[in-house]
Structures are given as C-alpha cells and as structure tokens.
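>>> Test case, fold it:
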Amino acid sequence: MNASAASSAPALLAQLELARSSASQGRILEAEQAFQRVLDIAPEQVEALNFLAMCALARQQLEQAGALLERARRLQPADAETLKNLAQVYRRSGRLEPAVEALQAALQAQPDYFLARLHLGQTLEQLQRPDDALPAYFRAIRDAQARGEWLSDASTPPGLRQGVLAAMRYVDAGRHRLFDNTLQPLRARYGAGELRRMEQALAIYLGDQPANYPHPAQRPLFLFFPGIASQPYYERERFPWLGDLEAQTAAIRLELLNLLAAEQGFEPFLHFDADTRVEDYLIGREGGAAWTGFFFYRHGERREENCRRCPITAAALEGTAMVRIREHAPEVLYSLLTPGAHILPHRGVTNTRLVTHLPLIVPDNCALRVGGIDHHWQEGRCVVFDDTYEHEAWNRSDRTRVVLIFDTWHPDLTEAERAAITDLVGVIGDFNQRAGLK
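Numbers count the residues shown, from 1 in each chain. Next comes the predicted model:
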C-alpha cells in the first residue's frame, strides 16, 4: 500500500460506515452523498457504484444508472448484485432479452440469489414465456422461504410485497394448470371417477387440503396417496410373486458372492453435498462407505452392465411389480451394511410404493425397525414394508449384512391410479428440474 492509499483508508472506511448506516435507516439522500464521497476516494468501489446507480434508476436516469453499472461490471464481471441491478436498467429501457441474460449470469454466480430469480420470473413473464417464468418464480419463492423470507408481510420488504404476492399467485395457478392438464388424458381414458383418489393426492401435494395421515409415524416426504392401506409391514399374501423370487435365493446369492469376491461395482448409497453431514443419516466405522450398493436400477435408470453381470437376479426382478417412473423409480440394489453401521431413522418419499428386502447374508444382531416395530431378517424370506413410516436399520455384528432391495407398487392401487402416478410424478420431476431443484 502506498502512502496516499494508506492515508485515505480511514476516510474511506468512515464514509462507508456512514453510507451503510444511513441506507439501513432509510436516509437515502444522506447515504447517496456518503457513497459519492466513497467513490471520490475509491473510484473502483463496486458497492458505491451499485448504490448510486440504483438512486439514478429511481429518478429514471437510465443512462446514468447504466453507465455506473457497466463500470461496476467491468471491475467485477461476476458480481451477482451488479448483474441483477443492470438487468433492472435493461428492463426499464425495454431491453428484455439482455435483462434475462444478465439475471441468468447473476444466478450462475450465485444460484440461491432469490431476488434475482424473482426478477428473472418477472422478465420472462413480460416476454410471454410462461413455461420459463413459472419454474423461475417457484424456485425464487422456495429459496426465499427456506431462509425465512417471504413467509408473511413481516418477512417481506414493503417494496417487494406486491411482486412476491403476484409471483405466488402465478405459481399457484400455473402449477395447478400444469398438473391438472397432465391428468386430463387419463380422465378421458379411464373416467374421472377412477382418478378420484389421485385428485385428492394432488390436492394434498399442492396444499389445497390436509393429508390426514392414518398413523402418526407415517409422513411421506413427497406424495401422500389417501384411501389405501397404511401399515408398517405387509402380509406376504398380498404379493403373489414373492414365492418365485425367494425360490431363486441361492442363485441370486451366488451372483452376489461373485461380486463381493471381485470387489467391483459397489458405490456409496448416500451422496452428500457440502451442507450435509454423513453423521445425520448414517453411523459407521467407515463413514459414508458403511452403506454401499450394487445398483441394478438407480433413480429409474437401468444399469445395463450390472444387470449383465447378474443375469439371474435381473431376470428374477422382472417378475415383480416394480414401479417404473422415468428418472425416479425403481431403485434396485444389493445393499451392504458393514459391521457396526446404523442407518438412522428416516422416511421415504411416497406411500404409492412399498419396499421389499430379500435377505441374502444376515449375521446375528442385525435388524430393521419400521414404525417402531423390529423385524429380524431371515435369509431367503422377503419382508415388505412402507418406508414412509419412520424406519432404521443396523448391523451390530462383525460381518457385512446384504439384502436385495427393490420397490414395488402398493397393491391397493388400480391400473388407472398407477398410470396417473407415473405421468404426474414424471411431470413434477421435469418441473422441479427446470426450477433447478433436486
């Protein structure tokens, strides 16, 4: 730092503190004057350039505002605040496409910047691009509310309330229309009466009516389907294909043992982002590797190579009532739980499908608990349960436990309901993907 810069630093910090304090207290003129003095001291101060630009924009001085923001962008090309503000100038100038580009760049730099996403939705709506505006608004609201914002008037800045409420109305109407249109061909095919329970499930999903869960331990994370049996474990008699599957246990186990000998193809069952701790889901001596799987299907995608390596297992599974929804189901795997591992209590996404375990290697002191009821696996004997009940599993032995896991349709669902769930979940998944949600 040279002598001139060193001597100006205290003055710069004093003006910045004054400017920020004035702005936070709503004394905008004082803040503008202080930020101008900041800029006089430090012409490359991006925060000051942004504040002064927005003051100019409020006075409809579009050219001056644009010049200040372009200057800020040259200094920090990926600054999300600058890009969001520049987009506002573009919109006021009628340059909607450049506004979209600026907002998309802001969100690339800061994906959780929900205010920029709100502006993106508004701009796309102006451009009459409802298919793009709807997921932008939806993600903006979700991100804001996840951080405690936009939940009420008190948590929404006064200047944003009208725009946020308009976005909420747009999302509500748009999602209803999208999902209702998805079911319309099935109403025509099967008759509206056949989809009565599906209509209720959709209303619950959209928040139009309460779920009224039959049991306090049941809480689906995604979709609750009313009017079907609800219990932690299910009677074998409801699944006529179980006997044929169990009869092939020895051949299926042999394919598993060959894989274990090769030590190839297994991967962690759980994947964690930077904000998630393994310890919140799984306790084990080997961390995330305490629970691994050899997948035949993952998120609905068939693992062709794995199926080729285990042809008997793959063929046996085809005789079950597996759920098939693109990019969602089935999930099918050899599930390995190492000694000392404990899968902590959690819940599944929907009661429209049930989970089946075919136990292949079960040491002593291993168990499954669903809805507070313990089940001790028996090799070669399947257990079917509803994972939307709180459930957990543990291996307190000194050997690895292995079960074949797959999910199948709830037996109470009709052909029409299965078709409706398949189509609706696919469309919901497409929509959430467009919104950038997992």
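>>> give me phi/psi at residue 383?
In terms of degrees, to the nearest 10, the main-chain angles of residue 383 are phi -130, psi 140.
>>> That one contacts residue 377, correct?
Yes: taking contacts as CB atoms under 8 Å, residue 383 lies within contact range of residue 377: 6.8 Å. Where C-beta positions appear, they are placed from N, C-alpha and C, glycine not excepted.
>>> Overlap in contacts, those two.
Common neighbours of residue 383 and residue 377, using CB atoms under 8 Å, 6 or more residues apart in numbering, are 357, 359, 368.
>>> Helix or strand for the first one, just tell me which one.
Following DSSP states H and E, one finds residue 357 within strand 353-361.
>>> Tell me how far residue 138 lies from residue 157.
Using CB to CB, to the nearest Å, we find residue 138 at a distance of 20 Å from residue 157.
>>> Neighbour count: the two, which is higher?
residue 138 (25 against 11; other CB atoms under 10 Å).
>>> tell me which element that one falls in.
Going by DSSP H and E, residue 138 is part of helix 130-146.
>>> And residue 408, by the same measure?
If you go by DSSP H and E, residue 408 is part of strand 401-409.
>>> Could you check how far that strand is from the centre of its chain?
Mean C-alpha position of strand 401-409 versus that of the full chain (CA atoms, centre = their mean, to the nearest Å) differs by 24 Å.
>>> quick check: angle from the next helix or strand after it to helix 130-146?
With elements assigned by DSSP H and E, the helix or strand that comes after strand 401-409 is helix 415-434. On the basis of axes from the mean of the first three to the mean of the last three CA atoms, to 10 degrees, helix 415-434 is oriented at 80 degrees to helix 130-146.
>>> buried set for helix 415-434?
Residues of helix 415-434 classed as buried by neighbour count (16 or more other CB atoms under 10 Å): 416-426, 428-429, 431.
>>> ok, residue 325 - contacts?
Here residue 325 is in contact with 300, 421-422, 425-426 (criterion: CB under 8 Å, 6+ apart).
>>> redo that, cut-off 7 Å
Going by CB atoms under 7 Å, 6 or more residues apart in numbering, residue 325 touches 300, 422, 425-426.
>>> pLDDT for those residues - can I get that in a markdown table?
Listed next are the contacts of residue 325 as a markdown table, based on pLDDT from 0 to 100:
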| residue | pLDDT |
| --- | --- |
| 300 | 94 |
| 422 | 97 |
| 425 | 97 |
| 426 | 96 |
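>>> Now distance to residue 182 too, for the residues you listed, in TSV please.
Listed next are the contacts of residue 325 as TSV, based on distance: CB to CB, whole Å:
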residue	distance to residue 182
300	18
422	10
425	10
426	8
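>>> between those residues, which is closest to residue 398?
Nearest to residue 398 out of the contacts of residue 325 is residue 300 (CB to CB; 35.7 Å).
>>> That closest one is in contact with residue 323, isn't it?
No: counting by CB atoms under 7 Å, residue 300 does not reach residue 323; the two are 8.6 Å apart.
>>> Just the buried residues of stretch 396-404, please?
Neighbour-count burial for stretch 396-404 [16+ other CB under 10 Å]: 397, 400-404.
>>> Looking at these, which is nearest residue 152?
The nearest member of the buried residues of stretch 396-404 to residue 152, counting by CB to CB, is residue 403 at 46.4 Å.
>>> Quick check: bridge partners of that closest one?
Here residue 403 sits in beta bridges with residue 335, residue 359, going by DSSP bridges.
>>> tell me the contacts of it?
By CB under 7 Å, 6+ apart, the neighbours of residue 403 are 335, 357-360, 377.
>>> Kindly report the same for residue 337.
291, 393, 395, 400-401.
>>> Check the chain for its longest helix and report it.
Scanning the chain for the longest helix, with DSSP state H as the assignment, gives helix 158-190.
>>> Burial check on the closest residue to residue 53 other than its chain neighbours, number of neighbours?
Counting by CB to CB, 6 or more residues apart in numbering, residue 68 is the residue found nearest to residue 53 once chain neighbours are left out, at 3.8 Å. Neighbour count of residue 68, defined by other CB under 10 Å: 26.
>>> And for the one 10 residues further on?
Neighbourhood size, residue 78 [other CB under 10 Å]: 12.
>>> My guess is it contacts residue 109. True?
Yes: contact criterion CB under 7 Å: residue 78 and residue 109 qualify, at 4.4 Å.
>>> now residue 210: how far from residue 226?
10 Å.
>>> The longest helix of the chain versus helix 415-434: what angle between them?
150 degrees.
>>> Now the element after helix 158-190, going C-ward?
Heading C-terminal from helix 158-190 (DSSP H and E), you reach helix 196-205.
>>> Which parts of the stretch 251-400 of the chain are helices?
Along the stretch 251-400 of the chain, counting by DSSP state H, counting those that start in this stretch, helices occupy 304-309, 311-317.
>>> neighbouring contacts of the last one?
To tie it back to what came earlier, the one meant is helix 311-317. Applying CB under 7 Å, 6+ apart, the contact partners of helix 311-317 are 245, 248, 251-252, 255, 296, 307, 332, 406.
>>> ranking those by neighbours, who comes first?
residue 332 (27 neighbours).
>>> Could you give the number of residues near the residue lying closest to residue 226 once chain neighbours are set aside?
Leaving out its chain neighbours, the residue that sits closest to residue 226 by CB to CB, 6+ apart is residue 200, at 5.1 Å. By other CB under 10 Å, 18 other residues sit near residue 200.
>>> and if you look at residue 49?
Residues near residue 49, counting by other CB under 10 Å: 26.
>>> Grab the nearest non-local neighbour of it.
Using CB to CB, 6+ apart and skipping residues adjacent in sequence, the residue nearest residue 49 is residue 72, 4.0 Å away.
>>> pretty sure that neighbour contacts residue 81?
No: Residue 72 is beyond contact range of residue 81, at 8.7 Å (criterion: CB under 7 Å).
>>> Give me the secondary structure label for residue 60.
On the three-state scheme (DSSP: H, G, I helix; E, B strand; the rest coil), residue 60 is labelled coil.
>>> Endpoints of stretch 300-310, how far apart?
End-to-end distance for stretch 300-310: 18 Å, by CA to CA, to the nearest Å.
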